[in-house]
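Asker: how would this look folded up:
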Amino acid sequence: MQKLKIKGGEKISGTIIISGSKNATLPILASTILTNKKIIITNIPIVRDVETMADLLSTIGSTIKLDKKIKKIEILNKKPLKTFAPYHLLKTMRAGVLVLGPLLAKYGSAKVSLPGGCAIGSRPIDIHLEALKKMGANIKIKSGYIIASAKNGLKGCLIKFPKISVGATENILIASCFAIGKTKLRNCASEPEVKDLVIFLKKLGCNISWFGKRGIDIFGVKKLKSATHKVIFDRIEAGTYIIASALTNGKLKIKNIDPKIMSAEIKILDKMNVKIVKKKNYIIASSSKKLKSVNISTKPYPGFPTDLQAQIMVLMLKANGTSTIKENIFENRFMHVPELKRMGADIRIKGNKATIIGNKKLNGAELMATDLRASVSLVLAGLVASNKTIVNRIYHLDRGYESIEKKLLRCGAQIRRLK
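Answerer: Predicted coordinates for the structure are as follows:
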C-alpha cells in the first residue's frame, strides 16, 4: 500500500497549473451513454475516479481512447451498450451511479450496483430513485443492485428535490434529456460542475434552460450530435493549494482557473488574512504571518464547499484565536480530526460543529487517511509539522488529486511517495 512521506517546514512557492475538475468530468462521461456520435473531452484530470469511470464505460461497450499526456478522452458508442454496471467498478466511486439515469433513459432498463466511495456519511440515493419513479420507472433493490426499468420510456414531469443534491440533479438532468415531453427540475444544485454538464449536454443538442437560480427545464429529444468539450478547472484543487501557500508563508501563482467561480472560498480566506491577487485566469496567493480565526458553515454552491472543509481546518490550526466549522452537508465529515489530534491539534467536536483552537504547533506522525479530502488535509498538516509525517492509504488521495506530490515538490515541499 503506497504512502506519502513529508518533511515539514518548507515554504510552498512557485507556480501550479490546476487540473480539470474531477466532479465535472465524471457526470459528463456518464452522459455520453446517450449518444452514438463521437465525443471528445479535453482538460480531464488523470485521477483514479476518472480512469474508473472510463473503465466502466468500456465495460458496458463504449470505445474509449484515453490520452493521458494531453489529458483528452475520445468516446464512441458504435453499438448498443450493456445495461449492467458491476459492483467491482462502483465500489470505490460514488459517481458510478450516474450511469443509471442515461442507461434507463436510452435503453429502458438498467442494473447498477449501489455505489461506494468515501466514508463521509450515508449519502443515500433515495432522491435519485424517487425522481426516476416519478418519471415512470419501476425500481427495486436486490442483492446490492438497483434494478430499474421503463419499458415505455421515461416521461417528463415536475420534480422538486426535497434537498439540494449535486448527484441527484446530475442524474435526473441527464435522464430527462431523453424523457418524453418536458421535465421541470426544482431545488436543483447549481454548482459550477452542474453548469458545465448543462453546457456539454447543450452541445450534444439537448434542449435545456435554467429557470431562476435553482430550476432547470428540459425538453426531451430523440437524437444527439457529436461534440468537443473542455472541462472546467477543479476549484477544490485550487483552494487546496491556496491553503498550502498560506500555511507555509509561501507565495503561489495558481493558473488555469476562473477566480469568479471561487468567490465564497476567496472571501473566507481573505477574512483569515490570506492575500489573494485575482487576475482573469490565475491568482497569486500568499499569507501574512498573522492568520486570523474565522467561523464558517458549509453550504451548497455558492456557499463554502464541504469539499474544502478539511483543508481549511488545518489553516485554522495556525490562525490566532478560535475558529468554528459547522458541517451542514455530510454527517460524518470530521474523520480527519482524530488524525490531526495525533499531531497535537486541539479540535473539539460537538454534533456537526467543530471548534478549532488556533496557534498550535503540529508534530509529525504516522497517519491513516479515511477519505479523499481527509487525505489531503493530512498532507497539508504534514507541510507545517515538525519532523516527518507519513500519510497511509493514499489511494483515496489518488482518486481526486492529479500528481499532488509532483506539484508540491516543484514548489519546494519535501515530499515523496513510498511503496
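Asker: all contacts plus neighbour counts: C-alpha atoms, from now on.
Answerer: Fine.
Asker: quick one, helices of the stretch 251-400 of the chain?
Answerer: Here the stretch 251-400 of the chain has its helices, by DSSP state H, counting those that start in this stretch, at 263-271, 309-317, 337-342, 372-384, 395-398.
Asker: out of those helices, which gets nearest to Gly144?
Answerer: helix 395-398 (22.8 Å; CA to CA).
Asker: coming back round to it: can I get the helices of the stretch 251-400 of the chain in CSV with distance to Asn207?
Answerer: Formatted as CSV, the helices of the stretch 251-400 of the chain follow (distance: least, CA to CA, whole Å):
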stretch, distance to Asn207
helix 263-271, 29
helix 309-317, 36
helix 337-342, 45
helix 372-384, 35
helix 395-398, 36
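Asker: could I get those as CSV with mean neighbour count, mean pLDDT and distance to Lys133?
Answerer: Below are the helices of the stretch 251-400 of the chain laid out as CSV (neighbours: other CA atoms under 10 Å; pLDDT from 0 to 100; distance: least, CA to CA, whole Å):
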stretch, mean neighbour count, mean pLDDT, distance to Lys133
helix 263-271, 17, 97, 35
helix 309-317, 25, 97, 34
helix 337-342, 18, 96, 39
helix 372-384, 27, 93, 32
helix 395-398, 20, 91, 33
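Asker: so the residue in the chain sticking out farthest from the centre, which state does it fall into?
Answerer: No residue in the chain sits farther from the centre than Asn152, which is 34.0 Å out by CA atoms, centre = their mean. Look at Asn152: counting by DSSP: H, G, I helix; E, B strand; the rest coil, its state is coil.
Asker: can you tell me the closest non-neighbouring residue to it?
Answerer: Excluding its sequence neighbours, the residue lying closest to Asn152 (CA to CA, 6 or more residues apart in numbering) is Gly108, at 7.3 Å.
Asker: going along the chain, name the strands of the stretch 51-200 of the chain.
Answerer: 63-67, 72-76, 84-85, 109-113, 138-142, 145-149, 158-160, 182-186 (DSSP state E, counting those that start in this stretch).
Asker: looking at the ones you listed, which is buried most?
Answerer: Highest mean neighbour count of these: strand 109-113, a mean of 24 (counted as mean count of other CA atoms under 10 Å).
Asker: circling back to that earlier point, including mean pLDDT and distance to Ala285, could the strands of the stretch 51-200 of the chain go into JSON lines?
Answerer: JSON lines is the format used below for those (pLDDT from 0 to 100; distance: least, CA to CA, whole Å):
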{"stretch": "strand 63-67", "mean pLDDT": "98", "distance to Ala285": "32"}
{"stretch": "strand 72-76", "mean pLDDT": "98", "distance to Ala285": "29"}
{"stretch": "strand 84-85", "mean pLDDT": "96", "distance to Ala285": "43"}
{"stretch": "strand 109-113", "mean pLDDT": "95", "distance to Ala285": "42"}
{"stretch": "strand 138-142", "mean pLDDT": "94", "distance to Ala285": "48"}
{"stretch": "strand 145-149", "mean pLDDT": "95", "distance to Ala285": "45"}
{"stretch": "strand 158-160", "mean pLDDT": "98", "distance to Ala285": "40"}
{"stretch": "strand 182-186", "mean pLDDT": "98", "distance to Ala285": "37"}
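Asker: quick one: buried residues of stretch 225-232?
Answerer: Across stretch 225-232, burial judged by 16 or more other CA atoms under 10 Å covers 227, 229, 231-232.
Asker: I'd say Lys225 and Thr35 touch.
Answerer: Yes. Between Lys225 and Thr35 there is a contact under CA atoms under 8 Å: 7.1 Å.
Asker: residues contacting Asn23?
Answerer: 193, 234 (CA atoms under 8 Å, 6 or more residues apart in numbering).
Asker: scratch that, Lys7 is what I was asking about
Answerer: Going by CA under 8 Å, 6+ apart, Lys7 touches 382-383, 385-389, 413-415.
Asker: recalculate using a threshold of 10 Å.
Answerer: 364, 382-390, 413-416 (CA atoms under 10 Å, 6 or more residues apart in numbering).
Asker: shaky segments in the chain?
Answerer: For the chain, the stretches with pLDDT under 70 are 116-123.
Asker: domains of it?
Answerer: 3-17+233-418, 22-230 (automatic domain parsing).
Asker: wait, Leu100 touches Lys82, no?
Answerer: No. When contacts are counted by CA atoms under 10 Å, Leu100 is not listed as touching Lys82 (11.9 Å).
Asker: give the residues shared as contacts by those two.
Answerer: With CA under 10 Å, 6+ apart as the test, Leu100 and Lys82 both reach 109-111.
Asker: adding distance to Ala168, write those out as TSV.
Answerer: What follows is the shared contacts of Leu100 and Lys82, written out as TSV (distance: CA to CA, whole Å):
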residue	distance to Ala168
Ser109	18
Ala110	17
Lys111	17
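Asker: so between Leu100 and Lys82, which is more surrounded?
Answerer: Neighbour totals were compared for Leu100 and Lys82, and Leu100 leads with 29 against 16 (other CA atoms under 10 Å).
Asker: what about that one, distance to Gly9?
Answerer: Distance, Leu100 to Gly9, using CA to CA, to the nearest Å: 47 Å.
Asker: give the burial count for the residue nearest to Asn152, as a bare number.
Answerer: 18.
Asker: residues contacting it?
Answerer: 83, 101-102, 137, 148-154.
Asker: could I get the residues you listed as a markdown table with distance to Tyr301?
Answerer: Shown next, in a markdown table, are the contacts of Gly108 (distance: CA to CA, whole Å):
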| residue | distance to Tyr301 |
| --- | --- |
| Thr83 | 33 |
| Gly101 | 23 |
| Pro102 | 25 |
| Ala137 | 30 |
| Ala148 | 31 |
| Ser149 | 33 |
| Ala150 | 33 |
| Lys151 | 36 |
| Asn152 | 36 |
| Gly153 | 32 |
| Leu154 | 29 |
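Asker: can you select the buried ones among these for me in PyMOL?
Answerer: Restricted to buried positions by 16+ other CA under 10 Å, the PyMOL selection for the contacts of Gly108 reads:
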select buried, resi 83+101+102+137+148+149+150+153+154
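Asker: the stretch 51-200 of the chain: helices as residue ranges?
Answerer: 87-90, 100-107, 126-134, 166-176, 192-204.
Asker: fine, thanks again, bye for now.
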